[in-house]
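**Student:** Predicted model follows, preceded by the sequence.
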Amino acid sequence: MRGVDGIFKIQELKKKLLFTLGVLAVYRVGTAIPVPGIDVVALRAFFEAQAGSLLGFLDMFSGGALMRLSIFALGIMPYINASIIMSLLRTTIPYLEKLQKEGEAGRKKLTQITRYFGVAIAVVQAVGLTFWMQAMEAGGIRVVQEPGFRFQALTVITLTAGAVFIMWLGEQVTEHGVGNGISLLIFAGIVARMPAGINNVIRMIRVEELSLFAALFLLGIMLAITAGVVFVEQGQRKIPVQYAKRVVGRKMYGGQTSYLPIKVDQSGVIAVIFAMAILLVPMQLSQFFPDAELFVTFERNLRPGTWVHSLVYSALIIFFCFFYTAITFNPRDIAENMKKWGGFIPGIRPGKPTADFIDRVLTRVTFVGAIFVVVVAIMPSYFERLFQAPFYFGGTALLIVVGVALDTMAQLESHLIMRQYEGFMKKGRLKGRYYR
C-alpha cells in the first residue's frame, strides 16, 4: 500500500487533492468578507455580548460566517435542507421515484430540482437574516449603518448568491475533487474554529478560570469519543454467503464463500447533518422573528443541553439513520441478485426468506449504530456544562469531523488501490508485448 508519498506521485490524484484544497481555501476566504453596509466594530461588540448563546450553535455549520455576517453567512444549510426535502419527496411522489430509477439522466434531473429548492430556501433565509441584521445594535450603535430597502435588496441578493456559490463549490469538489464536497465544507468550517478554541482553553488555564484537571478530563473524553467513532464507523456485520458451483461451457464458476458486509453506522455523518439541519429551522426562525412568542418558546426549549433538545435531537438522529439506510440498502434487491448468481446464506432459503433475514439483521445493526450516534451527539454537551468548557465541546462537531475524515481517507485509499492495480495491468501488457 502506498503511503502519503504515493498520493503526490499519482498525477491525477494530486490534481484532485490540490483542487479540493483550493476550493476549501476559496470557501474560507469568503467567510471572512462581510456583507456591504455593516459596522464591523458594532458587529463585534454585539456578538461578544451574545457569547455562549444559541448563535454559537448556529454558527457551527456556517464555519464562522454567521458571526461575521459574511457573504457566506447562510452556509451550506439551504442545500442540505433542500436535500432533506427531496429525500422525503422521492418516497412519496411517483415522478421523483421514477427519476431515481433512470440512472445517470434521472440523477442529474433530481440534482437540478434540488438546486432549485436550495435557491428558494436561500432566498427565504436571506430575507429573514437581513431583517435580523437591521435590528442588531450594541451600545446604542446599529450594526447596519443605513437600513432600508436598498440595504435589504443588496443583502438578500448577496446572501443568496453566496449560498448558490457554496452549492456550486460543493458539487465541484464531489465531481472533480476528493470526498463529498458538502461534508468537506462543513468539516473545514468546524476545523477552522479549533485553533481559537485551543488558545481560549490555554488562556483560561493560565488565569485559573479552568482547572488543569478539568481540561485534561475533557481532552480524555474527546480522545475516547474519537476512538469510539472510528471503531463504530469501521465496524461491520458480515453475513456469510455461499455460491453454488455451476458449469458454463468448459469452465466451472462459483463454489467459493464470501460475505455480505453491513456497516454498523450505514448513514455515516448524513443522519447527524440532516437532524441538525431540521433542528436549526425553529432556532433560525426565533432569531429572525424575536417578537413572535411561538418562535421564542421554540428557541428557549430547544437550546443545547435542555431535555427537550436532547429528546428531539435523539429522535431525529434515529429517524434519519433508519431513513437513509432504507433508501440506500434494499434487502429485496440484494436477495434477488444473490439468487440470480447462485448465492445463498447458509441455513436460509433463497428469495423472500433471505430478504427477511437480511432486513432483520440490518434493523438490529442500524439500531445499535443509531443509539451510539445519539450518545456521542448528546452526552458531551452535558460535560461542557458540568466543566464550564470555554468552547462548544459538542459530540456533533466531533462526529462530523471524524466521519468526514474517515470517508475522505477511504476514497483516497480506493484511488491508490485502483491506480496501483492499473499500474500492474500496464506492466503486464508491456511485458506481454516484449515476449511476443
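**Tutor:** Nice, I can see it. Nothing here was measured: the structure is a model prediction, and the numbers come from that model.

**Student:** Check the gap between Leu285 and Gln125 for me.
**Tutor:** Counting by Cβ to Cβ, to the nearest Å, the gap from Leu285 to Gln125 is 10 Å. Quick note: C-beta positions are derived from backbone N, CA and C, even for glycine.

**Student:** which one of those two has more residues nearby?
**Tutor:** Taking other Cβ atoms under 10 Å, Leu285 and Gln125 do not tie; Gln125 has more neighbours (24 against 18).

**Student:** which residue sits closest to that one, ignoring its sequence neighbours?
**Tutor:** Leaving out its chain neighbours, the residue that sits closest to Gln125 by Cβ to Cβ, 6 or more residues apart in numbering is Leu74, at 5.5 Å.

**Student:** helix or strand for that neighbour, which one?
**Tutor:** For Leu74, there is no helix or strand it lies in under DSSP states H and E.

**Student:** Isn't it up against Ser62?
**Tutor:** Yes. Counting by Cβ atoms under 8 Å, Ser62 is a contact partner of Leu74 at 7.1 Å.

**Student:** Please say which of those two ends up with more neighbours.
**Tutor:** Counted by other Cβ under 10 Å, Leu74 and Ser62 do not tie: Leu74 has more neighbours, with 26 against 22.

**Student:** Which strands or helices does the strand or helix carrying Lys238 pack on?
**Tutor:** If you go by DSSP H and E, Lys238 is part of strand 236-243. Under the contact definition 3 or more Cβ pairs under 8 Å, 6 or more residues apart in numbering; DSSP states H and E, strand 236-243 sits against strand 257-263, strand 343-344, helix 352-387.

**Student:** the inter-axis angle of the last one versus strand 236-243?
**Tutor:** Looking back up the chat, that one is helix 352-387. Interaxial angle, helix 352-387 versus strand 236-243 (axes from the mean of the first three to the mean of the last three Cα atoms, to 10 degrees): 170 degrees.

**Student:** pLDDT averaged over stretch 237-255, what's the number?
**Tutor:** On average, the pLDDT along stretch 237-255 is 69.

**Student:** list the contacts for the most centrally placed residue in the chain?
**Tutor:** With the centre of the chain defined as its mean C-alpha position, the nearest residue by Cα atoms, centre = their mean is Ser183, 4.1 Å away. Taking Cβ atoms under 8 Å, 6 or more residues apart in numbering as the contact definition, Ser183 lies against 269, 273, 400, 403-404, 407.

**Student:** which one of those sits closest to Glu336?
**Tutor:** Closest approach to Glu336 among these (Cβ to Cβ): Asp407, at 28.7 Å.

**Student:** Report how many residues lie close to Arg332.
**Tutor:** Number of residues near Arg332 (other Cβ under 10 Å) recorded here: 14.

**Student:** close enough to count as contact, it and Phe357?
**Tutor:** No. With contact defined as Cβ under 8 Å, Arg332 does not reach Phe357; the gap is 11.7 Å.

**Student:** export stretch 361-370 as PDB, just CAs?
**Tutor:** C-alpha atoms of stretch 361-370 as PDB (Å, rounded to 0.1, in the frame of the first residue of the first chain):
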ATOM      1  CA  VAL A 361     -30.000  -8.100  10.700                       C
ATOM      2  CA  LEU A 362     -30.000  -4.700   9.100                       C
ATOM      3  CA  THR A 363     -32.600  -3.300  11.500                       C
ATOM      4  CA  ARG A 364     -30.700  -4.600  14.600                       C
ATOM      5  CA  VAL A 365     -27.300  -3.300  13.400                       C
ATOM      6  CA  THR A 366     -28.800   0.100  12.400                       C
ATOM      7  CA  PHE A 367     -30.500   0.400  15.800                       C
ATOM      8  CA  VAL A 368     -27.200  -0.200  17.600                       C
ATOM      9  CA  GLY A 369     -25.400   2.300  15.400                       C
ATOM     10  CA  ALA A 370     -28.100   4.900  15.800                       C
END
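
**Student:** Buried residues in that stretch, which are they?
**Tutor:** Buried residues in stretch 361-370, counted by 16 or more other Cβ atoms under 10 Å: 361-362, 365-366, 369-370.
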